[in-house]
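Visitor: Here you go, sequence then predicted model.
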Amino acid sequence: MKLIAQNKKARHDYFIEETYEAGIKLVGSEIKSIRMGKVSLGDSYVTFKNGEAFVLNMHISQYAYSNQFNHDETRTRKLLLHKKEILYLFSKSREQGYSVIPLKVYLEGGLCKLEIGLAKGKKTYDKRQTMKEKDAQMRMKKVLKQRS
């Protein structure tokens, strides 16, 4: 598994309750650009239409060596999931406070995969608490490193 891109902001802004692995329907210039690492998951999210899942605002830069057949950078891309997973995620995303967001893009066995997560939004005080815990762990590691 080769990690291409990761959405670090997602773990800061959301509690990730469940994760799923989804394939992405891509065109040739997109996969070549992904292999070069030209992907951004910053403001992307997953939506559902007609029993299918789609990822929106996922930015894949244009492939430098393709000519007129290049792709649109932020086009809507279809996700390949099992029907039961789509129905479950769709029903959970309709509940208050839940959303489905992309977490990672990686290559596995020559195929591009997207890890999506069922997420519940954090409040500001939750974010501060998480930062405090992280800071305390870093200080403990520093102290243990100095003693040994």
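Guide: Thanks, I have the structure now. None of the values given here were measured: they were computed from a predicted structure. Numbers count the residues shown, from 1 in each chain.
Visitor: Which helix or strand contains the closest residue to residue 69 other than its chain neighbours?
Guide: Nearest-residue entry for residue 69: residue 29, 6.6 Å, with adjacent residues in sequence omitted and distances by CB to CB, 6 or more residues apart in numbering. C-beta coordinates here come from the backbone N, C-alpha and C atoms, glycine included. Assigning secondary structure by DSSP states H and E places residue 29 in helix 28-35.
Visitor: other SSEs contacting that helix?
Guide: Applying 3 or more CB pairs under 8 Å, 6 or more residues apart in numbering; DSSP states H and E, one finds that helix 28-35 contacts strand 59-60, strand 98-108.
Visitor: State the distance from the residue nearest to residue 69 to residue 78.
Guide: Distance, residue 29 to residue 78, by CB to CB, to the nearest Å: 17 Å.
Visitor: and if you look at residue 84?
Guide: Distance from residue 84 to residue 78, by CB to CB: 17 Å.
Visitor: Looking at those two, which is more packed in?
Guide: Legend: neighbour count by other CB atoms under 10 Å for residue 84 and residue 78, higher for residue 78 (15 against 8).
Visitor: partners of the helix or strand residue 20 falls within in the sheet?
Guide: Residue 20 belongs to strand 14-24 when assigned by DSSP H and E. As defined by DSSP bridges, the strand partners of strand 14-24 come to strand 77-80 (antiparallel), strand 111-121 (antiparallel).
Visitor: In a markdown table, list those strands along with distance to residue 48 and mean pLDDT.
Guide: Listed next are those as a markdown table, based on distance: least, CB to CB, whole Å; pLDDT from 0 to 100:
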| stretch | distance to residue 48 | mean pLDDT |
| --- | --- | --- |
| strand 77-80 | 10 | 96 |
| strand 111-121 | 12 | 94 |
